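Participant: mind looking at a prediction? Sequence and model below.
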Amino acid sequence: MPNPPSRTALMSLYTSMLRTSRSFSSYNFRQYFVRRTKDTFRAIQAEQDPARLSLLYSDAAKEFAVLRRSAIVNQLYGGPRLAVEDEGKERMREGGDT
Amino acid sequence: MLSRLSRNAVQSAAIKNSATRCVAGTSRLFVQPSGADRASIVDVPSSYPDDNHFAPQADMLGFKLDMPQREGKLTEKTRPIYLDMQATTPVDPRVLDAMLPYLTDQYGNPHSRTHAYGWEAEKAVENARKHVADLIGADTKDIIFTSGATETNNMSIKGVARFHKEKKRHIITTQTEHKCVLDSCRKLGEEGFDITYLPVQTNGLIDLQALEAAIRPDTSVVSIMTVNNETGVIQPIKEIGAMLRKHRGVYFHTDAAQAAGKIPLDVNEMNIDLMSISGHKLYGPKGIGAAYVRRRPRVRLEPIISGGGQERGLRSGTLPAALAVGLGEAARIARQEMARDHAHIQKLSNRLIKSIDSQVANVVRNGDVNGYPGCVNLSFAYVEGESLLMALKEIALSSGSACTSASLEPSYVLRALGAAEDMAHSSLRFGIGRFTTEAEIDFVVKHIIGTVTKLRDMSPLWEMVQEGIDINSIDWSQAQH
């Protein structure tokens, strides 16, 4: 029986996946992968069965490798910002420290 | 008069000035105009699109007058947000990641049987084929890669009809099909086939009884799309398939370009004989599609493209390995994410419809309300759709199908639904997809509401409606004097 991943391993994978997701240059991809990473790890957190947990963990680790390469490619070919992003920026400025 | 004189005097003085400087041979600055003696050479032909065009001179040595474009400048411009997912979808980064090895290092021809380059490409293509087959519940061998849904539709309809042309000369389709289906049928009509274009009900669904009544003993193929590209209407494919199964020898083709990967499909449960799938509608690359051609019971069709006999002889030509891998990965991701994507799209769609509905009056949703939530077709009464699109510079939207957006004709799909001409002219299609965010929906709602209100305030028609005049009762033709 495989050992379930430790809490620190999960946390470290989660933080690096989240950081990679945030590094996408395209607004839509960035938002999607941040949302998806949070979703995935919320499901992992709720999982009790250790066998399934290690399966989910290995899936996420595999996805992390794909995500890291994709983020690099996306940064290389990043285009101009979207209209909706600038609006968010202004709102953030108005709101001060957010 | 005096002012003109003095201006001329100043101009001529300037010309003289620069001319003398040129003659003197002092160093010229970047932005200094050349002398009057070469003015005729510099003159730009009138055919140039704008005044900013600058023709280089021989003595410029490759220097340009404008500042070189900096990296930072790119980020200062903004792009409109994309809400046209029915036209095409962005390639998922994970799909691109799966494709890249086959665009760089693993360039083998998947049909090469004699070396490792061919084997690895073939293995990847077969793996992709399996993912596509899994998405629609088919067998791996039933999937044929094509160049897209247009080719697949052509191949399926023309192929089946021509194969059975000795005995069967009748084809049934609907009025709301995609242009490539309708045009394939028109071509077959020229070849002597009988075509029945079934009307649809006002909600966009076809009438099963009308379909059954239209079937003749010599009907060879029935083509009905799963999800409409303009209205998002989902046809009752399962019921149609079950009904058609009772009629022997009638093949059922469905154009599932907008449906595959977005709603659950099963070719066996739905009794589908032929299906079209497009890569770029499910976050895959453009230039690839797939056909499902049933083998048991076998659907026979005449191939359009003849050649080396690849893909069971139905579609000859070397497979684009990278594109096929991209389609496979897109299908795999779509299957894995379908529930999550659908919930996300449903949420955004409800948000869009509710906010627009609550803040703008006289908005009509075209098509069945239980259709695919990622395609919302709204008609804003008393506002012209094209001018609404022009005013919405920061949102990439469309008033209908991309194939027909060049013409100003109202959408034939909406007309088939029984929409009045003015409502068909004022329609907008919102395509919501996997990568659309809530902030984008709020942005769109804000801009739509502002623009619609502004355009209606300008419109005399709207004023008349507010005063309670029935627009249809007005005789617009000018009275004879």
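Facilitator: Happy to help now that I have it.

Participant: contact residues of the stretch 201-350 of chain B facing chain A?
Facilitator: For the stretch 201-350 of chain B, the residues found near chain A under the criterion CB under 8 Å from any CB of the partner chain are B:Arg340. Backbone N, C-alpha and C define where each C-beta goes, glycine included.

Participant: closest point of the stretch 201-350 of chain B to chain A, which residue?
Facilitator: In the stretch 201-350 of chain B, the residue found nearest to chain A is B:Arg340; the distance is 7.1 Å by CB to the nearest CB.

Participant: okay, and that residue sits in which element?
Facilitator: helix B:321-359 (DSSP states H and E).

Participant: elements contacting that helix?
Facilitator: Counting contacts by 3 or more CB pairs under 8 Å, 6 or more residues apart in numbering or on different chains; DSSP states H and E, the secondary-structure elements packed against helix B:321-359 are helix B:93-103, helix B:116-135, strand B:363-365, strand B:375-380, helix B:438-458.

Participant: so which bits of the longest one are buried?
Facilitator: By neighbour count on 16 or more other CB atoms under 10 Å in any protein chain shown, the buried set for helix B:438-458 is B:439-445, B:447-448, B:451-452, B:455-456.

Participant: do the same with the first one
Facilitator: Of the residues in helix B:93-103, those scored as buried under the neighbour-count criterion (16+ other CB under 10 Å) are B:93-100, B:102.

Participant: spatially central, which residue of chain B would that be?
Facilitator: Among the residues of chain B, the one closest to the centroid is B:Ala87, at 2.1 Å (CA atoms, centre = their mean).

Participant: wait, it sits on B:Ser398?
Facilitator: Yes. At 6.1 Å, B:Ala87 and B:Ser398 qualify as touching, with contact defined as CB atoms under 8 Å.

Participant: identify the contacts common to these two.
Facilitator: Taking CB atoms under 8 Å, 6 or more residues apart in numbering or on different chains as the contact rule, B:Ala87 and B:Ser398 both touch B:Gly431.

Participant: pLDDT score for A:Phe33?
Facilitator: A:Phe33 is assigned a pLDDT of 97 by the prediction.

Participant: just B:Arg70 next, same as before
Facilitator: At B:Arg70, the predicted lDDT confidence score is 46.

Participant: what about the stretch 351-481 of chain B, any weak spots by pLDDT?
Facilitator: The stretch 351-481 of chain B contains residues with pLDDT under 70 at B:401-408, B:478-481.

Participant: what parts of it come near chain A?
Facilitator: Contact residues (CB under 8 Å from any CB) of the stretch 351-481 of chain B with chain A: B:394-395, B:434-437, B:439-440, B:443.

Participant: what sits against the residue lying closest to B:Leu205 once chain neighbours are set aside?
Facilitator: Once flanking residues are discounted, B:Leu205 sits nearest to B:Asp368: 5.9 Å by CB to CB, 6 or more residues apart in numbering or on different chains. With contacts taken as CB under 8 Å, 6+ apart, B:Asp368 has the following neighbours: B:203-205, B:231, B:233-234.

Participant: same question, B:Glu394
Facilitator: A:83, B:78, B:80-81, B:443, B:447.

Participant: what's the spacing between stretch B:444-461 and its chain's center?
Facilitator: 26 Å (CA atoms, centre = their mean, to the nearest Å).

Participant: tell me the SS of the residue nearest to B:Leu205?
Facilitator: coil (DSSP: H, G, I helix; E, B strand; the rest coil).

Participant: B:Ile172 versus that one, what's the distance?
Facilitator: 21 Å (CB to CB, to the nearest Å).

Participant: for A:Ser70, same thing?
Facilitator: Taking CB to CB, one finds A:Ser70 at 44 Å from B:Ile172.

Participant: could you do B:Leu301 as well?
Facilitator: Relative to B:Ile172, and taking CB to CB, B:Leu301 is found at 17 Å.

Participant: same check, this time on B:Ala334
Facilitator: 30 Å.

Participant: so where do the helices sit in the stretch 201-350 of chain B?
Facilitator: B:208-214, B:237-245, B:321-359 (DSSP state H, counting those that start in this stretch).

Participant: chain A now?
Facilitator: Counting by DSSP state H, chain A has helices at residues A:7-22, A:27-46, A:50-76, A:83-95.

Participant: switch the ones you listed over to TSV; also include distance to chain B.
Facilitator: Putting the helices of chain A into TSV (distance: least, CB to the nearest CB, whole Å) gives the following:
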stretch	distance to chain B
helix A:7-22	10
helix A:27-46	4
helix A:50-76	3
helix A:83-95	4
